[in-house]
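Engineer: Sequence isn't available, so here's the structure alone:
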């Protein structure tokens, strides 16, 4: 079987990933180091993610705000761990004007040097915490439940589109609460929101759990994540939720008078997901013909391609397609009106077909003069492109039946992609009981080992450092300790042999 | 009559403007020079503007993308006029890491100096043009119709919230076309889109027209604007649309093969509106009690305040309010479901009332135990807050009648605000026939002179400079030459006395 991409997943997963991004017109190099251009199809997926996730964030009582892109250096100096974690990779603005260099070029104007350099936000805890300290005076002002959609910058040395770029787009939630319990509850509520969003909307099955101490957000008391399984067996951390305790409240002076008139520190949380999720969608749902976009986040769910031949009957075909588009837009799927596009761009129909296959539009409808005359449509479902004999599984259907069923069909595609994701994740997690088993599982030459599910006794300090080193030698990291533990029977910790109940997931990761 | 704000428009318009922003919780100083924090009510208005405008931008065939925040210096050097216009006010990133300064603070790491400084985008023509040069090869690739929602930075010396901030949020459209005619048509299509959006959605009447040569966007062949009339008689440029000819295509090398196989330069356009529009909404619709938000862009159109007294009957009142909220959400107004909020925050009902009056929620509903028992609601319309005798015009209405009418009421409020805006604009434009008349109209001591509508012969070069200087002495600028000219009879140009037909608007401006 010949495929639409120049390289298969099996041959070279990294090259395949890059080819999906290029061939599906998702994004491209911008010419600016580490920054990408997100093209309409990629940005359209992000807009769908934004809208669906934003609805859920608002439904849980959070309001959107906007805070400055620039953060004065002094804000960072207040939270020592935080600055330690971020200072290595920040873009720093030092001047506010350019002047001619006398050689036809431009240079920063030495006369326009800032008194205090500004950091381009890598995350906004410090500047939002400063606002919270103004907003929070009394227990009546709590909780504060805020979210922001923004761009952030982390100066990455090695970048990969969507997965790790110097600038990326995300949402960052920030909340302040009267008690540690309430803040912890919020942290877990958002973790669950991310988990269900990922499964319901992205059709990406994930494991929610707590990150080990060494992987915590700088300054956090506890960090939780959702971890997704890529088709090469690596993990992708697709979202994080942090319980910050009073660490940031202390640094930013977020204090309130409680009901008894006493001054207390607030407890804060922060949480975010980013354009990285799109990288996850590619590596979970992509196949050797390109991307497969789950219908809920597809900018266009049905794409209609008229088979035109520069002949008089073209007009009838286009008219038929317009009617079809209007009929589809009147249907609903997955709780919204169906999004149907009529592709009238000047290109060959066969090129369009493969263009939309590579982009991963859930349903492709082709209409030729014979279809139009017969009241039919030729339908290709992206989630099952080929028949068993390797030929394209294109079906000629009566137009009205297709339109009437379109909602159910899109729902079936959404479900099918999710089911496949569940299966792929489950099949690639292996319970292992001892360190020798871990070493064997990840021995050199083992293809696509996935993750192992092991018991451990939570180590601290030097003991944790040793664990991290042992894993690093095998290029492994602890992904998380699942919130829903897979078993509760006692057995030996894989690192120390001590009796233990808690299980963690270990694997290679992006 | 006592008003909710500490200062009236008449007493001090600038102080009044600031007090609306503060008292309506729209935005606040961030502590970062020239940058504001946009609070939930202000950001909610921006989100409404985004959604409504985005729908219109997409409906005209434009697709959203995302381009890098950072622009290499060399990109700017290519378009001489453009860099001349922007180089004075740009934030420049020179380092990508911080290090400890040995005194407990942080400084940019001298080891991490960028080889080529990066400019934080003041606008994206240069970086988007570079992408267009990759995307456009043949006439088949044209037109390219792109839009981006983004933050941009212009280092402003004197800032004012929403009107002029160092960082602001906007949308910037960028298009490339096969011919100058088509690009001019696009420029004017967007001008009309902005005009109708401003009137239909913001209820802000505007005059669309062409800016004079001296006010053109740096690098543009022609710049068009919509100009709104503030209540102090000053103009606010609320949106611009630029025809760039082949200037940027030359600089960025956007060339295509035409149908005859010849290589041609593309013609490009760019256009944008920003968070500045919110400043316009405040200064057009605000009154001495705060903001009045047009229903189409109100985050909440109806706010329900239960009058609670910490007594057992509170529960019934809240239950009644919840039912009311659900009933309202089932209604539709202005083409969308009604957005109704139940305000259950712990605060006194009277404070809430005035809080929502200041915020400008279109309809405020108060419900006490007696209303709940009698099936009534107490309704306050923000667009007509007082009766003629100066008392609050609060009406007790049967609940079901109010709910059934809510769509029509919101539509009436939207229309009333627009009508007032039309009236205020028309009343403040005065036709003037000669320069003496202009001087008299804007003489010192004249309060709220608005704009004058005069004839001119378009000057160029030194003659234009003289016109600009003469106007500057009276603190005036040419706002635009309206696309829909008010008259076609010939008369003397106010500057030269030469016979002329074209009319322009002159006024003071933000």
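Structural biologist: Nice, thanks for sending it over. Values in this document were obtained by computation on a predicted structure and should not be read as measured data.
Engineer: quick one, domains of chain A?
Structural biologist: A:13-285, A:300-411, A:429-507 (automatic domain parsing).
Engineer: Nearest to chain B, out of those?
Structural biologist: Taking C-beta to the nearest C-beta, domain A:13-285 is the member of these nearest to chain B, at 3.6 Å. (Glycine included, C-beta is placed from N, CA and C.)
Engineer: Mean confidence (pLDDT) on that closest one, please.
Structural biologist: The average pLDDT within domain A:13-285 is 95.
Engineer: start to end distance for that domain?
Structural biologist: By C-alpha to C-alpha, to the nearest Å, the extent of domain A:13-285 from end to end equals 13 Å.
Engineer: can you give me the helices in the stretch 401-510 of chain A?
Structural biologist: A:435-441, A:461-473 (DSSP state H, counting those that start in this stretch).
Engineer: returning to what we had before: as TSV, the domains of chain A with mean neighbour count and distance to residue B:85 would be great.
Structural biologist: Listed next are the domains of chain A as TSV, based on neighbours: other C-beta atoms under 10 Å in any protein chain shown; distance: least, C-beta to C-beta, whole Å:
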stretch	mean neighbour count	distance to residue B:85
domain A:13-285	21	12
domain A:300-411	17	35
domain A:429-507	16	49
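Engineer: need the helices of the stretch 401-510 of chain A in TSV with distance to residue B:16 and mean pLDDT, can you?
Structural biologist: Converted to TSV, these look like this (distance: least, C-beta to C-beta, whole Å; pLDDT from 0 to 100):
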stretch	distance to residue B:16	mean pLDDT
helix A:435-441	69	97
helix A:461-473	59	96
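Engineer: Columns distance to chain B on top of these, output as TSV?
Structural biologist: Formatted as TSV, the helices of the stretch 401-510 of chain A follow (distance: least, C-beta to the nearest C-beta, whole Å):
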stretch	distance to chain B
helix A:435-441	36
helix A:461-473	23
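Engineer: returning to what we had before: can you say which of the domains of chain A is nearest to residue B:120?
Structural biologist: Within the domains of chain A, the stretch nearest residue B:120 is domain A:13-285; the backing value is 6.8 Å (C-beta to C-beta).
Engineer: Wait, residue A:75 touches residue A:125, no?
Structural biologist: No: applying C-beta atoms under 8 Å as the test, residue A:75 and residue A:125 come out as separate, 9.3 Å apart.
Engineer: what are the phi and psi values for residue A:90?
Structural biologist: Dihedral pair for residue A:90: phi -120, psi 150, per degrees, to the nearest 10.
Engineer: Would you mind listing the residues in contact with it?
Structural biologist: A:119, A:120, A:122, A:153, A:154, A:155, B:96, B:97, B:98 (C-beta atoms under 8 Å, 6 or more residues apart in numbering or on different chains).
Engineer: With residue A:425 instead?
Structural biologist: Residue A:425 sits next to A:205, A:206, A:207, A:228, A:229 when contact means C-beta under 8 Å, 6+ apart.
Engineer: beta partners of the fourth one?
Structural biologist: Looking back up the chat, that one is residue A:228. The bridge-partner assignment for residue A:228, based on DSSP bridges, gives residue A:206, residue A:236.
Engineer: returning to that earlier point: to residue B:509, which of the domains of chain A lies closest?
Structural biologist: Residue B:509 lies closest to domain A:13-285 among these, at 24.5 Å (C-beta to C-beta).
Engineer: about what we covered before: of all the helices of the stretch 401-510 of chain A, which one comes closest to residue B:331?
Structural biologist: Of those, nearest to residue B:331 by C-beta to C-beta is helix A:461-473, at 57.8 Å.
Engineer: The closest one packs against which elements?
Structural biologist: strand A:477-482 (3 or more C-beta pairs under 8 Å, 6 or more residues apart in numbering or on different chains; DSSP states H and E).
Engineer: what pairs with the strand it packs on, and is each one parallel or antiparallel?
Structural biologist: Here strand A:477-482 is paired, per DSSP bridges, with strand A:206-210 (antiparallel), strand A:503-507 (antiparallel).
Engineer: Show me which residues of the stretch 101-250 of chain A are close to chain B?
Structural biologist: Contact residues, the stretch 101-250 of chain A versus chain B (C-beta under 8 Å from any C-beta of the partner chain): A:104-108, A:117-120, A:127, A:130-131, A:134, A:140, A:146, A:150-151, A:153, A:155, A:167, A:169.
Engineer: Filter these down to the ones in helices?
Structural biologist: A:127, A:130, A:131, A:134 (DSSP state H).
Engineer: mind putting those in CSV, distance to residue B:215 included?
Structural biologist: Putting those into CSV (distance: C-beta to C-beta, whole Å) gives the following:
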residue, distance to residue B:215
A:127, 35
A:130, 38
A:131, 36
A:134, 38
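Engineer: just those residues now: which is nearest residue A:212?
Structural biologist: residue A:127 (28.5 Å).
Engineer: How much space separates that closest one from residue B:69?
Structural biologist: Residue A:127 sits 17 Å away from residue B:69, taking C-beta to C-beta, to the nearest Å as the criterion.
Engineer: Could you do residue A:274 as well?
Structural biologist: 15 Å.
Engineer: and the host helix or strand of residue A:173, what does it pack onto?
Structural biologist: Applying DSSP states H and E as the criterion places residue A:173 in strand A:167-177. Under the contact definition 3+ C-beta pairs under 8 Å, 6+ apart, strand A:167-177 sits against helix A:40-59, helix A:125-135, strand A:144-153, helix A:180-200, strand A:267-274.
Engineer: still on that earlier bit, keep only those of the contacts of residue A:90 that are in strands.
Structural biologist: A:119, A:120, A:153, B:98 (DSSP state E).
Engineer: Determine which two of those are furthest apart.
Structural biologist: A:153 and B:98 (13.3 Å).
Engineer: all helices of the stretch 201-350 of chain A, in order?
Structural biologist: A:247-252, A:276-285, A:314-329, A:349-359.
Engineer: so residue A:244 makes contact with residue A:266?
Structural biologist: No: counting by C-beta under 8 Å, residue A:244 stays clear of residue A:266, with 9.8 Å between them.
Engineer: how far out from the middle of the chain is stretch A:458-473?
Structural biologist: With C-alpha atoms, centre = their mean, to the nearest Å as the basis, stretch A:458-473 stands 28 Å off its chain's centre.
Engineer: Please see if stretch A:329-337 touches chain B.
Structural biologist: No: applying C-beta under 8 Å from any C-beta, one finds stretch A:329-337 out of contact with chain B, separated by at least 12.9 Å.
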